[in-house]
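# No sequence on hand, only this structure:
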DNA sequence: TCATTAAGTATGC
DNA sequence: GCATACTTAATGA
């Protein structure tokens, strides 16, 4: 026990919180304690921006609980959803890519809790903590892969296939098993899906209605459950055509 | 194959 | 009751 003035006051933050998180999984408890003592913990209401595109990248974050939507605005002023970030992952890590400003806006999709550290600690973290850098570059690699495959989809696939891909991606990353299938673990509207696929919300709505009639999905407002993932995979066009 | 327009129902503070 | 979420049909590129 050395310093009782850490910004993350309250006993909520114990070491076990971070041991689950990939970037910190390889660290000793005393190292995790050090990191926690430097962290600031904050809660974000659904819909609130954690940081915004173009602003100075002052801090980097790890999501403890909730879900983050990474959003950009196109030249025409349309919102594009670039990524969804599930809990346990780093975000706002512009420094890892050599940026000094955030390349996108991060919005809490549900009420969320995140830890953050000032960006000037980034080099220290990379240098001092084993596995932090490798895990980070792994996540960055995954996200770049995901975004580039989405660009390919946008260019080559039909709307129905793109919607299927978007839903499949979300149940892979944030699916929760329920009685009748796999449910996307955060609120998602037709509008949101249109922002991910570049279709209109009307087309998304019609497509989802058709899938619901066919028993492939079930949906309540803001929630989608996939009952027949296999059929969705076929619709996504990921498999070779007959 | 889709976007657009337009007009409707359902749901929740 | 008002905003938000969602549905549907018609029309036309």
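Sure thing, it's come through. This one's a predicted model, so the numbers in the text were calculated from it and none came from an experiment.
# From now on I want contacts and neighbour counts done on CA atoms only, so please keep to that.
Fine.
# Which residue is the nearest non-sequential neighbour of the residue most central in space within chain A?
For chain A, residue A:85 is the residue whose C-alpha lies nearest the centre (CA atoms, centre = their mean; 0.9 Å). Nearest residue to residue A:85 in three dimensions, chain neighbours excluded: residue A:68, at 5.0 Å (CA to CA, 6 or more residues apart in numbering).
# What parts of chain A come near DNA strand B?
A:157, A:158, A:159, A:160, A:198, A:199, A:200, A:202, A:203, A:221 (CA under 7 Å from any atom of the strand).
# Next up, the contacts around residue A:168.
The contact partners of residue A:168, by CA atoms under 8 Å, 6 or more residues apart in numbering, come to A:229, A:232, A:233.
# Could you check the host helix or strand of it and say which residues are buried?
Assigned by DSSP states H and E, residue A:168 belongs to helix A:159-174. Buried residues in helix A:159-174, counting neighbours by 16 or more other CA atoms under 10 Å, are found at A:159-168, A:170-171, A:174.
# returning to that earlier point: show me the residues of chain A next to DNA strand B that map onto helices.
Using DSSP state H, the members of the residues of chain A next to DNA strand B that fall within helices are A:159, A:160, A:202, A:203.
# What is the nearest of those residues to DNA strand C?
Using CA to the nearest atom of the strand, residue A:202 comes nearest to DNA strand C of these, at 4.6 Å.
# Counting neighbours, what do you get for that closest one?
For residue A:202, the count of nearby residues is 12 (other CA atoms under 10 Å).
# Same question for residue A:113.
Neighbour count of residue A:113, defined by other CA under 10 Å: 19.
# and it, what element?
Assigned by DSSP H and E, residue A:113 falls in strand A:112-118.
# How is chain A divided into domains?
A:16-145, A:157-236 (automatic domain parsing).
# Quickly check: stretch A:190-197 near DNA strand C or not.
Yes. Contact between stretch A:190-197 and DNA strand C, assessed by CA under 7 Å from any atom of the strand, occurs at A:190, A:191.
# Tell me where chain A is predicted with low confidence.
Counting by pLDDT under 70, chain A contains low-confidence residues at A:1-12, A:240-242.
# Show me where it has its strands.
A:40-44, A:49-51, A:59-65, A:67-73, A:79-86, A:90-91, A:105-108, A:112-118, A:175-178, A:181-184, A:217-220, A:223-226 (DSSP state E).
# Please tabulate the ones you listed in JSON lines and include distance to DNA strand C as additional columns.
Converted to JSON lines, the strands of chain A look like this (distance: least, CA to the nearest atom of the strand, whole Å):
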{"stretch": "strand A:40-44", "distance to DNA strand C": "17"}
{"stretch": "strand A:49-51", "distance to DNA strand C": "16"}
{"stretch": "strand A:59-65", "distance to DNA strand C": "21"}
{"stretch": "strand A:67-73", "distance to DNA strand C": "14"}
{"stretch": "strand A:79-86", "distance to DNA strand C": "14"}
{"stretch": "strand A:90-91", "distance to DNA strand C": "24"}
{"stretch": "strand A:105-108", "distance to DNA strand C": "14"}
{"stretch": "strand A:112-118", "distance to DNA strand C": "18"}
{"stretch": "strand A:175-178", "distance to DNA strand C": "17"}
{"stretch": "strand A:181-184", "distance to DNA strand C": "12"}
{"stretch": "strand A:217-220", "distance to DNA strand C": "6"}
{"stretch": "strand A:223-226", "distance to DNA strand C": "6"}
